[in-house]
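>>> Next comes the sequence, and after it the predicted model I'd like to discuss.
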Amino acid sequence: MPISRDYYASSFDALNTTVDSLSPEAAAVFTEARAQLDQWIDAKFSDLARQADADVKESQKDLEALRADLVAEQEESRKRMNRVVKELKTAVSGLTVNDQQLKKQAKEALKAAQEVKAELEAREAKWHALGKKAVETVAKTAETVVKLAI
């Protein structure tokens, strides 16, 4: 269980009262030790802040790479869908009532539609992964901020 801020405040007050009752030499040693401790705390704080910044930048790079992949895949799917639509339009324009080619083209169109559906489902999973990664990044950043606040 974390120690409350009130505990730290009362401990600090008690410590200052104790320092006031020390001899000048002991007070000087204490003051020097406290200055060194303050420097150490500042250094640790700076280290944590640098690490948090590095973690956020690394996560941003990962997210941007994933986003770029998704955008490229989306563009490729758009081109493929346009090709399928063009093929369907061409097939429809040449149909006759008893055309055997109709069944073949219908099967090809159905297969193409199923492939596009599978691609869209895969893309949806990737977008979910991107969202999960973004949430993990925020959680990691929040964890670091909490460490800095303690």
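Received, thanks.

>>> Tell me the helix or strand right after the helix or strand containing residue 39.
Using DSSP states H and E, residue 39 sits within helix 24-93. Under the assignment DSSP H and E, the closest C-terminal helix or strand after helix 24-93 is helix 100-149.

>>> thinking again about what came up before, counting contacts, what elements does the helix holding residue 39 pack onto?
Contacts defined by 3 or more Cβ pairs under 8 Å, 6 or more residues apart in numbering; DSSP states H and E place helix 24-93 against helix 5-20, helix 100-149. Heads up, the C-betas are built off the backbone N, CA and C, glycines and all.

>>> what's the angle from that helix to helix 100-149?
Using axes from the mean of the first three to the mean of the last three Cα atoms, to 10 degrees, the inter-axis angle of helix 24-93 relative to helix 100-149 is 170 degrees.

>>> Run the chain-centre distance for helix 24-93.
Centroid separation between helix 24-93 and its chain, computed with Cα atoms, centre = their mean, to the nearest Å, is 6 Å.

>>> For the nearest residue to residue 77 once chain neighbours are set aside, grab the count of nearby residues.
Once flanking residues are discounted, residue 77 sits nearest to residue 119: 5.3 Å by Cβ to Cβ, 6 or more residues apart in numbering. Close neighbours of residue 119, defined as other Cβ atoms under 10 Å, add up to 16.

>>> OK, contacts around residue 119?
73, 77, 80 (Cβ atoms under 8 Å, 6 or more residues apart in numbering).

>>> Now restrict the residues you listed to buried residues only.
residue 77 (16 or more other Cβ atoms under 10 Å).
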